[in-house]
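[1] Could you look at this predicted model? Sequence included:
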Amino acid sequence: MRQGFVFDPVQKYLNVLIIYSIVVFINLFFCSAVNASLQNTPSCTANIKSIQVAQGNQLNPQLRPTAGWLNIQQFPDQWSSRWPDFHGNAWYKIDFNYHCTTSVQAPISFALESITQSGKIYINDSLLWSDLSVHEPASRSQYVPRQWSIAPSSLNEGRNVIWVQVYGSLTQKSGLGQISLGTNQSVLPIYKSWLLEKRTLIEFNAMISFVVGIFYFLAWLTNRKERSFLWFAITNFFWIFYSICFLLTGPLPFSTTVLDRIQNIIFCFYTVSGCLALWSFVDRSFPRLEKALWAFFTVALVCLSFIPLTQLNTVIQIFFGVAVLIFLAKCISFPFLAYQSKQPESYLMAAVYLLFIPIAFHDAHFVISMEGRPLSPYTGPFTTLSLGAILGLRLARNARQIDRFNKTLSENVSRAKTELTESLEKQHQLAIENVRLQERIHLSHDLHDGLGGSIVRSMLLLEQNDKVEKPQIMSMLKLFRNDLRQVIDSGSSIGVKAPDTPIEWAAPIRHRFVQLFEELEIQSNWSFAPTWINSPNAAQCLTLTRVAEETLTNILKHSQANKVTVSLSELDDLLILQIEDNGIGFDPSEVDQGLHVGLHSMRTRIARIDGEFHIDSKPGHTRVKIILPMLDDQAENKL
């Protein structure tokens with residue numbers, strides 16, 4: 001679908017170009033055919049003797065002037081150089097001789113390129129034609145070529161006069177366009193060329209601009225980042241509006257000066273949008289120039305909208321001239337921007353705008369001197385089609401870039417998937433190794449705190465008794481076996497149940513240490529509540545058991561104390577275990593430095609279930625305080 005969208009419009013443009021060529025060819029062929037068909041008509045001639053012009057009576061325009069006639073040597077004629085600031089009505093008098101070589105008279109043809117802006121035509125004293133309205137709102141005949149066939153009955157053998165009354169315009173260069181008088185076969189080709197230039201080509205170019213503008217707008221809708229497409233669409237649409245102002249012949253609901261104001265405002269905006277479109281096309285931005293262009297358009301909009309009629313013509317010429325200079329500056333500077341962009345379609349765009357430069361100078365010379373023929377009506381359709389084709393090239397290049405990007409993206413995604421799979425496998429292996437290592441650490445802590453404590457107690461018992469009986473040895477071994485089973489069972493939380501009361505939790509620990517304390521003459525005090533306020537989970541109970549065993553074992557090994565206090569209490573959803581002794585004390589900073597394995601193991605266990613571990617020690621008093629939040633089974637999963 002994307003390839004069709006890119007290349008089908010290009011094919012359509014080629015089709016339009018072919019149709020345009022066929023239309024021009026048919027037009028020329030038709031003129032030749034008409035000329036050939038009229039070669040056998042009776043031979044009658046009309047020769048212009050003189051052409052004169054004079055200002056009409058402004059109070060009574062229907063009166064023909066009797067004096068003030070001036071000879072005219074060539075057409076088109078503009079009376080602005082002859083009568084500055086005159087925009088009333090004037091009369092043209094065309095004297096010609098009509099003569100037939102046979103008794104059968106033939107009609108003659110009279111063709112007029114344009115009348116600025118409306119008027120009437122008389123053959124001798126008979127009205128031949130009149131605009132629909134010669135007063136404001138008046139007709140606009142400056143862009144409408146016309147041809148009339150004058151019947152022999154309206155002609156005199158010998159001298160005849162064609163009277164052309166012209167109603168001038170305040171904002172136009174008033175006068176009369178080129179004229180042609182003679183036989184049909186000689187006048188018709190000239191009239192066809194005027195019609196092609198002033199109507200057909202402008203209409204055709206407007207249609208092409210509409211197609212190109214719609215194409216650019218649709219292309220922008222598919223890719224909003226291409227701002228140049230939107231600006232080219234706007235530029236084409238405003239060129240259509242500008243062309244419509246030429247094609248309107250009226251009479252309009254408003255005066256022709258209002259339309260001239262609108263037309264020049266449109267041209268100024270067309271110039272500004274054209275610059276923005278070209279700069280966006282090569283991905284360039286000139287903030288200061290853009291602000292200057294918008295300031296120019298704003299000033300033009302205000303001045304052309306509100307300037308008084310007496311100064312309107314001068315203001316229109318000033319802003320039109322500035323807009324033309326901006327257009328030429330754009331055409332001259334764009335090749336340098338295209339060269340910097342290094343884009344093939346930008347080179348083609350630069351070539352198209354380079355063609356505008358000589359055409360603009362040629363047409364400017366034509367407007368000033370009225371010599372020759374304008375080129376822009378003939379080149380406009382080709383340049384508009386070229387802009388459309390360049391858009392097709394840009395879309396085609398974008399499509400290829402998207403395809404390459406999608407291919408690269410697919411390769412990168414595939415490579416990333418492979419790398420991610422390998423990375424996940426490595427992470428999985430590391431996670432497994434980490435779990436194994438953690439299990440080993442947990443096991444070592446359990447062995448140290450559980451079985452290690454039993455061994456220490458047995459060693460102390462052997463040291464205190466010189467003679468140990470077999471039952472005592474068997475009791476020690478059973479204790480080792482039970483501690484080992486407890487270590488193995490504590491590795492899994494399945495089936496583990498918290499004691500029903502604090503007393504049940506403390507009973508095994510108290511049973512193990514009370515005998516040693518009594519033999520070592522250590523007074524012990526055990527304080528527990530009869531029931532739980534908030535029952536702890538199995539993980540919390542097991543952790544407290546290991547911490548209590550390790551703490552009491554350390555007291556036996558190192559403290560030299562003779563008094564020990566063990567308490568377990570609840571306060572505000574907190575479970576608090578405190579173990580105090582009156583031994584020699586130690587330096588708690590060694591715990592933070594990890595120099596004491598047992599204390600470090602206790603701190604790790606408590607932190608794993610989100611508890612707090614505090615040690616306060618000095619000579620004569622040491623207190624280990626553990627604070628656990630009374631949560632559900634969350635801590636059990638962290639053990």
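    Yep, that arrived.

[2] Pull out the buried positions in the helix or strand harbouring residue 279.
    Using DSSP states H and E, residue 279 maps to helix 256-281. Neighbour-count burial for helix 256-281, counted by 16 or more other C-beta atoms under 10 Å, picks out 256-257, 259-281. No exception for glycine: its C-beta is placed from N, CA and C like everyone else's.

[3] before we move on, what about stretch 324-335?
    324, 326-328, 330-331, 334-335.

[4] Mark which of those residues are part of strands, please.
    Applying DSSP state E to the buried residues of stretch 324-335, no entry is found in strands.

[5] Arrange the residues you listed in JSON lines, one row each, with distance to residue 152 as further columns.
    JSON lines is the format used below for the buried residues of stretch 324-335 (distance: C-beta to C-beta, whole Å):
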{"residue": "324", "distance to residue 152": "48"}
{"residue": "326", "distance to residue 152": "55"}
{"residue": "327", "distance to residue 152": "51"}
{"residue": "328", "distance to residue 152": "52"}
{"residue": "330", "distance to residue 152": "56"}
{"residue": "331", "distance to residue 152": "53"}
{"residue": "334", "distance to residue 152": "58"}
{"residue": "335", "distance to residue 152": "60"}
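
[6] could those go into JSON lines alongside pLDDT and distance to residue 77?
    Putting the buried residues of stretch 324-335 into JSON lines (pLDDT from 0 to 100; distance: C-beta to C-beta, whole Å) gives the following:
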{"residue": "324", "pLDDT": "89", "distance to residue 77": "24"}
{"residue": "326", "pLDDT": "93", "distance to residue 77": "31"}
{"residue": "327", "pLDDT": "89", "distance to residue 77": "28"}
{"residue": "328", "pLDDT": "89", "distance to residue 77": "28"}
{"residue": "330", "pLDDT": "90", "distance to residue 77": "34"}
{"residue": "331", "pLDDT": "88", "distance to residue 77": "32"}
{"residue": "334", "pLDDT": "88", "distance to residue 77": "38"}
{"residue": "335", "pLDDT": "90", "distance to residue 77": "40"}
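
[7] Of these, just say which sits nearest to residue 76.
    The closest of those to residue 76 turns out to be residue 324 (C-beta to C-beta; 20.6 Å).

[8] what sits against that closest one?
    For residue 324, the contact set (C-beta atoms under 8 Å, 6 or more residues apart in numbering) comprises 360, 364.

[9] Could you say whether residue 220 sits in a helix, a strand or coil?
    helix (DSSP: H, G, I helix; E, B strand; the rest coil).

[10] and it, how many neighbours?
    19 (other C-beta atoms under 10 Å).

[11] Just say helix, strand or coil for the closest residue to it other than its chain neighbours.
    Spatial nearest neighbour of residue 220, chain neighbours left out: residue 229 (3.7 Å); criterion: C-beta to C-beta, 6 or more residues apart in numbering. Of the three states, residue 229 takes helix according to three-state DSSP.

[12] Now do the same contact list for the nearest residue to residue 133 once chain neighbours are set aside.
    Distances taken as C-beta to C-beta, 6+ apart place residue 251 nearest to residue 133, at 4.1 Å, with adjacent residues excluded. For residue 251, the contact set (C-beta under 8 Å, 6+ apart) comprises 132-133, 137-139.

[13] Do I have it right that residue 630 meets residue 534?
    Yes. Judged on C-beta atoms under 8 Å, residue 630 makes contact with residue 534 at a distance of 4.2 Å.

[14] Look up how far residue 119 lies from residue 135.
    According to C-beta to C-beta, to the nearest Å, residue 135 and residue 119 sit 12 Å apart.

[15] higher neighbour count, those two?
    The residue with more neighbours, out of residue 135 and residue 119, is residue 119; 24 against 12, by other C-beta under 10 Å.

[16] Can you say which helix or strand has residue 317 in it?
    Using DSSP H and E, residue 317 maps to helix 309-341.

[17] That helix vs helix 256-281, what angle?
    Relative orientation of helix 309-341 versus helix 256-281 (axes from the mean of the first three to the mean of the last three C-alpha atoms, to 10 degrees): 10 degrees.

[18] tell me the domain ranges of the chain?
    Annotated domains of the chain cover 42-182, 199-407, 495-638 [automatic domain parsing].

[19] List the contacts of residue 213.
    232-237, 240.

[20] again, only using 6 Å
    Taking C-beta atoms under 6 Å, 6 or more residues apart in numbering as the criterion, residue 213 is in contact with 233, 236-237.

[21] now the residues you listed in CSV, with neighbour count and pLDDT?
    Shown next, in CSV, are the contacts of residue 213 (neighbours: other C-beta atoms under 10 Å; pLDDT from 0 to 100):
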residue, neighbour count, pLDDT
233, 23, 91
236, 27, 91
237, 20, 93
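
[22] a markdown table for those residues, including distance to residue 555?
    What follows is those, written out as a markdown table (distance: C-beta to C-beta, whole Å):
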| residue | distance to residue 555 |
| --- | --- |
| 233 | 89 |
| 236 | 95 |
| 237 | 94 |
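
[23] Can you flag which of these belong to strands?
    Among the contacts of residue 213, no member falls in strands (DSSP E).

[24] Relative to residue 341, which of the residues you listed is nearest.
    Closest to residue 341, out of all of the contacts of residue 213 and judged by C-beta to C-beta, is residue 233, at 20.6 Å.

[25] Strands along the stretch 451-600 of the chain, start to end?
    Using DSSP state E, counting those that start in this stretch, the strands of the stretch 451-600 of the chain run over residues 523-528, 563-570, 574-581.

[26] So what are the sheet partners of the shortest one and their directions?
    It stands for strand 523-528. As defined by DSSP bridges, the strand partners of strand 523-528 come to strand 563-570 (parallel).

[27] Can you list the neighbours in contact with the strand it pairs with?
    By C-beta under 6 Å, 6+ apart, strand 563-570 touches 502, 522-528, 533, 555, 576-582.

[28] mind redoing it with 7 Å?
    Around strand 563-570, the neighbours that count as contacts under C-beta atoms under 7 Å, 6 or more residues apart in numbering are 502, 506, 517, 522-529, 533-534, 548, 555, 576-582.

[29] so what's residue 176 scoring on pLDDT?
    Looking at residue 176, its pLDDT reads 91.

[30] pretty sure it contacts residue 115?
    Yes. The pair residue 176 and residue 115 qualifies as a contact (C-beta atoms under 7 Å) at a distance of 6.3 Å.

[31] what about those two, which has more around it?
    The neighbour comparison of residue 176 against residue 115 (other C-beta under 10 Å) goes to residue 115, with 27 against 24.

[32] give me the number of residues near the residue lying closest to that one once chain neighbours are set aside?
    Among residues not flanking residue 115 along the chain, residue 141 sits closest, at 4.2 Å (C-beta to C-beta, 6+ apart). Taking other C-beta under 10 Å as the criterion, the count of residues near residue 141 is 23.

[33] show me the contacts for residue 141.
    So residue 141 contacts 114-115, 117-119, 131, 249 (C-beta under 7 Å, 6+ apart).
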